[in-house]
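Asker: after the sequence you'll find the predicted model.
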Amino acid sequence: MRVSVIGTGYLGAVHAACMAELGHEVLATDVDVARLESLSVGRAPFYEEGLPELLDRGLTTGRLRFTPSIREVGEFAEVHFICVGTPQQPDSGAADIRHIRSVVRELTPHLRTGCVVAGKSTVPVGTAARIKHEIAENIDPGTEFAVAWNPEFLREGFAVRDTLRPDRVVIGVETLEAADKLRAVYAPLLGETDLIVTDLATAELAKVAANSFLATKISFINAMAEICEVVGADVHSVADCLGRDSRIGRSFLSAGLGFGGGCLSKDIRAFATAAEELGAGRSLRFLREVDAINLRCRDRTVDLARRLVGGSFTGRNIAVLGATFKPNTDDVRDSPALEVAASVQSEGASVRLHDPRGIDNAREVYPALNYVHEVGKACEGADLTLHLTDWDDYHDIDPASLGSVTRCMSVLDARNSLDAPRWREAGWTVRVLGA
Ligand code: UDX
C-alpha cells in the first residue's frame, strides 16, 4: 500500500521505517528539512536500536522516501499517518494540538478521494472529531475521506520491536472501509497481534488511559517506598510480593527515582487538565497526586544524598552515573537523573556526570554540568556516587576497582538495580530509596 507519515520525530521516524519494513511504499515529510536530509541518507536523528538498519533497508529498496512537499504526500498516499508532537502548554499543562491542526490544514487540499487520515499522536479525546470537521469544511466537494485514530504504544529503547511486534493494534474508525484500509496496512502483523477496532473517542482515550495506568503503577510503588522509609520496611520486597499476584504483575513496580521522558508526565497532566475542562476533573484528580509523588522522588533522592555526605553538598565531589530518563536512549527530556544532578550542583557540590549516550543532549539542557566519558573519571575523588539511570553498562562495573579511585566508597542506587551484595563485598556502602 502507499502510505505517508507526517512528522518524523521519534514516533514518525520509527513508524515510517517500520511501515517500509512491512512492505509498504512510504513517503514521509516534516517541516524540519535538515531532519529529512539526514533521514534520506539513513542517519537517524536520535539513538534507537535497530532503526539505522531499517532506514538503510527502506532506502535501499526504494520503499522509504522523504520529501519536504506536503502536496506530494497528499497526492501519493491512500493512508496518511499523522505523527507530529502534541507538546504540553506551559501555563495549563493541556496538550497543544496546534501542529496537528496545521498539518491537516495543509494536507486537505491535496487529499485523494477514498483516503484515510489516521492520527497516531497522543491527543485529548475529541481531536479526531474536530479534525474530521475541519477537513470536511475545506476539502474539494466530492472528495471522499475518512478520519481514523491509531494510537501508538511504543517505548523508547524498544521502539522498533514494539512497532513490528506490538501487544495490540488499536484502530478507532467510523466506517467499515476505513477499518479495512487500516487492517490491510497492519495485515503482516495480524497473525501474532490482535487488532482492536473501536470508535474514534475510545481509541484516543485508550492511549492516555494506558499511560496514566503505567504512571499510576510507578507512583503507587514510590508511595509505598515513602511508607517503607517511615516504618523500616523494604519496598523492593514489597514489590516482589505484589508482583507475584498475577492480577498485579511485577513490571512497572520498580521503585526509585520515578518516571520522566517525553510521554508519561506530559500525558497525565494533559489528561487531568482535559478532564477538568470537560467538567469531569474529579475523576482524574488522582493523576495530580501521581504526578506529585513522582516529582517527590527527585527531592527524596537529593535529600538522601545530602544526608549521606553529612548534611551539606558544599565542597563535596559527587559522581553521577546516568543522564537520560531511562537506559537505551539518548533522550534527556524531563530526565529525573539530570534534574537531580543539577540540584546537587546548585547546592554547592562539584558534580561529574557520566552517561553512555546522553551527554550531547544533556549538555544542551545543562551546559554548566561537568560531563565525562568514563565512569572512572566521574568517580575520581568522589565522596558519593549516585546511580540514577539503569544502563547495563553500570551493572558491568567492577566495584572493587571503581572503589580504588573514589574518596569514599558510598553509592546511592536510586534505581535499585546494582548487585548490592557484590558492591558491599567490595567494601562499598550501598543505599537505596524505600528501604
Ligand atoms: C511510555 C509508555 O511505556 C509507552 O507505551 C508510550 O507509548 C510512551 O510512554 P517511554 O516513555 O519510552 O514509554 O518509557 P517507559 O519504558 O514506559 O518508562 C517510563 C519511565 O518510567 C522511565 O523514566 C523509567 O525509568 C520509569 N520507570 C519504569 C520506573 O521508574 N519504574 C518502573 O517500574 C518502570
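Answerer: Received the coordinates, thanks.
Asker: got the residues of this structure near the ligand?
Answerer: 152-156, 211, 214, 218, 252-254, 256, 258-261, 263-264, 325-326 (CB under 6 Å from any ligand atom). Just so you know, the C-beta spots here come from the backbone N, C-alpha and C atoms, and that holds for glycine as well.
Asker: now the buried members of those.
Answerer: 152-154, 156, 211, 214, 218, 252-254, 256, 258-261, 263-264, 325-326 (16 or more other CB atoms under 10 Å).
Asker: for Ala274, grab the count of nearby residues.
Answerer: Residue crowding around Ala274 was assessed by other CB atoms under 10 Å; the count is 22.
Asker: for the helix or strand encompassing it, list the C-alpha coordinates in PDB.
Answerer: Assigned by DSSP states H and E, Ala274 belongs to helix 264-277. Extracted in PDB, the C-alpha atoms of helix 264-277 (Å, rounded to 0.1, in the frame of the first residue of the first chain):
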ATOM      1  CA  LEU A 264       4.100   9.900  30.900                       C
ATOM      2  CA  SER A 265       4.400  13.200  32.800                       C
ATOM      3  CA  LYS A 266       3.100  15.200  29.900                       C
ATOM      4  CA  ASP A 267       0.200  12.900  29.200                       C
ATOM      5  CA  ILE A 268      -1.100  12.600  32.700                       C
ATOM      6  CA  ARG A 269      -1.100  16.400  33.100                       C
ATOM      7  CA  ALA A 270      -2.800  16.900  29.800                       C
ATOM      8  CA  PHE A 271      -5.400  14.200  30.600                       C
ATOM      9  CA  ALA A 272      -6.200  15.700  34.000                       C
ATOM     10  CA  THR A 273      -6.500  19.200  32.500                       C
ATOM     11  CA  ALA A 274      -8.700  17.900  29.700                       C
ATOM     12  CA  ALA A 275     -11.000  16.200  32.300                       C
ATOM     13  CA  GLU A 276     -11.200  19.500  34.300                       C
ATOM     14  CA  GLU A 277     -12.200  21.300  31.100                       C
END
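Asker: residues of it that come out buried?
Answerer: Buried residues in helix 264-277 (16+ other CB under 10 Å): 264-276.
Asker: all helices for the stretch 1-150 of the chain, in order.
Answerer: 10-21, 33-40, 51-61, 70-76, 98-107, 127-138 (DSSP state H, counting those that start in this stretch).
Asker: quick one, domains of this protein?
Answerer: Segmentation of the chain into domains, based on the TED database, reads 2-198, 199-434.
Asker: please enumerate the strands of the chain.
Answerer: All strands of the chain, identified by DSSP state E, fall at 2-6, 25-29, 64-66, 79-82, 115-119, 145-149, 168-172, 194-198, 317-321, 350-354, 370-372, 384-387, 410-413, 429-432.
Asker: who does the fifth one pair up with?
Answerer: Just to be clear, that refers to strand 115-119. strand 79-82 (parallel), strand 145-149 (parallel) (DSSP bridges).
Asker: now the angle between strand 168-172 and the longest one, please.
Answerer: Using axes from the mean of the first three to the mean of the last three CA atoms, to 10 degrees, the inter-axis angle of strand 145-149 relative to strand 168-172 is 140 degrees.
Asker: now do the helix ranked longest in the chain, average pLDDT.
Answerer: For the chain, the helix with the greatest residue count under DSSP state H is helix 200-231. For helix 200-231, the mean per-residue pLDDT is 98.
Asker: that helix packs against which elements?
Answerer: helix 127-138, strand 145-149, strand 168-172, helix 235-243, helix 264-277, helix 285-308 (3 or more CB pairs under 8 Å, 6 or more residues apart in numbering; DSSP states H and E).
Asker: off-centre distance for that helix?
Answerer: 15 Å (CA atoms, centre = their mean, to the nearest Å).
Asker: then stretch 45-54?
Answerer: 15 Å.
Asker: list the contacts of it.
Answerer: The contact list for stretch 45-54 (CB atoms under 8 Å, 6 or more residues apart in numbering) reads 8, 10, 13-14, 17-18, 20-21, 35, 38-39, 42-44, 156-157, 159-161, 328-331, 357.
Asker: quick revisit: out of the helices and strands packed on helix 200-231, which comes closest to Pro188?
Answerer: Closest to Pro188 of these is strand 168-172 (CB to CB; 11.2 Å).
Asker: could you pull up the residues touching the nearest residue to Arg415 once chain neighbours are set aside?
Answerer: What sits nearest to Arg415 in space, not counting adjacent residues and going by CB to CB, 6 or more residues apart in numbering, is Asp390, at 4.3 Å. The neighbours of Asp390, taking CB under 8 Å, 6+ apart as the test, are Gly322, Lys326, Pro327, Arg415, Ser417.
Asker: and whatever residue of the stretch 301-435 of the chain ends up closest to the ligand, how close does it get to Gly261?
Answerer: In the stretch 301-435 of the chain, the residue that lies nearest the ligand is Lys326 (3.9 Å; CB to the nearest ligand atom). Lys326 sits 7 Å away from Gly261, going by CB to CB, to the nearest Å.
Asker: what do those two both touch?
Answerer: Contacts common to Lys326 and Gly261, judged by CB under 8 Å, 6+ apart, are Glu156.
Asker: give me the residues contacting stretch 409-428.
Answerer: Counting by CB under 8 Å, 6+ apart, 236, 254-257, 301, 304-305, 308, 322, 340, 383-390, 394-395, 398-400, 403, 429-434 sit against stretch 409-428.
Asker: mind doing that once more with 7 Å?
Answerer: 236, 254-257, 301, 304-305, 308, 384-390, 394-395, 399-400, 403, 429-433 (CB atoms under 7 Å, 6 or more residues apart in numbering).
Asker: and stretch 218-238, by the same measure?
Answerer: 239, 252-253, 255, 258-259, 290, 293-294, 297, 416, 433-435.
Asker: surely Ala184 meets Val3?
Answerer: No. Contact criterion CB atoms under 7 Å: Ala184 and Val3 do not qualify, at 10.1 Å.
Asker: looking at the nearest residue to Ser40 once chain neighbours are set aside now. What's its pLDDT?
Answerer: For Ser40, ignoring the flanking residues on the chain, the nearest one in space by CB to CB, 6+ apart is Phe66 at 4.8 Å. Phe66 is assigned 98 on the pLDDT scale.
Asker: could you measure from Phe66 over to Glu78?
Answerer: From Phe66 to Glu78 the distance is 19 Å (CB to CB).
Asker: between the two, tell me which one has more neighbours.
Answerer: The neighbour comparison of Phe66 against Glu78 (other CB under 10 Å) goes to Phe66, with 24 against 17.
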